[in-house]
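sequence first, then the predicted structure, then my questions.
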Amino acid sequence: MSLPPQRILVFRSGCLGDHLVALPAYWALREAFPQAHITLMSEEPLDPNHVTPPQFVPQQVLFDAFSNYPTARRGRSPWMTLKFAWSLRQGHYDLLVYLGERQRTHPAIVARDLRFFRLTGLGKVIGHRGGEALPAEYDGRDLRIVSNETENLLARLIADGVTPPRRGNDWLALTEGEHFRAKTWLQKEGITSRDRSRCLAIGVGGKFPSKIWPEERFAEVGRNLIQQYDILPIIF
């Protein structure tokens, strides 16, 4: 019987939203390998204002370390790639968990990524198969319903023998202090415990121009939600 992996590298690109939807998969890995040293590797942020995993992922609970990889969008050079590959070799990882976002799971892209990781000594890989592919480009017909990204990531881990997490919905493992600060803020804003079931968070920013609306459009959506569903919007 082979020994469980001792040092695991988890590959997941993206920023805040990409890692939030991956939290159940992260918990599944921690429950499956409770004694392992697990490092989360994500892309180097393009903007210092972008929220990165160490700022919100439960540290010393889910992951023991965080690292970034250089992206081509930042002008990655061959020397940077070699230096990065050498640093991965020095990590002595014995398992790679490939959790590339669904747009990145085209067989050709996965094969390219895995070739690179194998050059660094990472031969054992899970998480790179078993998910549901996105439909082909929009051709004017109704879009097909697909599983969400959280379900897709868990399906890929389950395909390699990792069981779904037993944890409830507290994916962020919020501390008592964090709960207290949130409660204090809500009280300061006059939001009662009865109001909280009506609260809806609305994020009005985005990393890509295509995700950024004029403020008046967000305002219109907010007004419609208030009128139709009696929600209480909280703007981030």
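All right, it came through fine.

tell me the mean pLDDT for stretch 47-67?
The average pLDDT within stretch 47-67 is 87.

now the terminal residues of stretch 166-184, how far apart.
End-to-end distance for stretch 166-184, by Cα to Cα, to the nearest Å: 30 Å.

give the contact list for the nearest residue to residue 225 once chain neighbours are set aside.
Using Cβ to Cβ, 6 or more residues apart in numbering and skipping the chain neighbours, the partner closest in space to residue 225 is residue 231 (4.8 Å). The C-beta positions use only the backbone N, C-alpha and C, and glycine is treated the same way. Counting by Cβ atoms under 8 Å, 6 or more residues apart in numbering, residue 231 touches 198, 199, 200, 225.

quick one: the strands in the chain?
In the chain, the segments counted as strands under DSSP state E are 7-11, 37-43, 65-69, 95-98, 125-126, 199-202, 232-235.

which one of the ones you listed is the most hemmed in?
Mean neighbour count (mean count of other Cβ atoms under 10 Å) peaks for strand 95-98 among those, with a mean of 24.

tell me which residues are up against it.
So strand 95-98 is contacted by 5, 7-11, 29, 36, 110, 113-114, 117, 122, 124-128, 157 (Cβ under 8 Å, 6+ apart).

same question for stretch 192-204.
Outside stretch 192-204, the residues that touch it by Cβ under 8 Å, 6+ apart are 186, 191, 213, 215, 218, 221-222, 225, 230-236.

which of these sits closest to residue 92?
residue 236 (39.7 Å; Cβ to Cβ).

burial count for that closest one?
Using other Cβ atoms under 10 Å, residue 236 has 7 neighbouring residues.

equivalent analysis for residue 53, please.
For residue 53, the count of nearby residues is 23 (other Cβ under 10 Å).

likewise for residue 151?
By other Cβ under 10 Å, the residues close to residue 151 number 15.

please apply the same query to the one 10 residues further on.
Residue 161 is surrounded by 8 other residues when neighbours are defined as other Cβ under 10 Å.

again with the one 10 residues further on
The burial count assigned to residue 171 is 19, neighbours taken as other Cβ under 10 Å.

so who does the nearest residue to residue 67 once chain neighbours are set aside touch?
Using Cβ to Cβ, 6+ apart and skipping residues adjacent in sequence, the residue nearest residue 67 is residue 41, 4.8 Å away. By Cβ under 8 Å, 6+ apart, the contact set of residue 41 is 9, 10, 11, 12, 66, 67, 68, 69.

from the contact counts, what lies against the longest helix anywhere in the chain?
Counting by DSSP state H, the longest helix found in the chain is helix 215-229. When contacts are defined as 3 or more Cβ pairs under 8 Å, 6 or more residues apart in numbering; DSSP states H and E, helix 215-229 sits against strand 199-202, strand 232-235.

is it possible to export those strands to CSV including distance to residue 98 and mean pLDDT?
Output for those, formatted as CSV (distance: least, Cβ to Cβ, whole Å; pLDDT from 0 to 100):
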stretch, distance to residue 98, mean pLDDT
strand 199-202, 30, 90
strand 232-235, 35, 90
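
tabulate the ones you listed (a markdown table), appending distance to residue 80.
A markdown table is the format used below for the helices and strands packed on helix 215-229 (distance: least, Cβ to Cβ, whole Å):
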| stretch | distance to residue 80 |
| --- | --- |
| strand 199-202 | 37 |
| strand 232-235 | 38 |
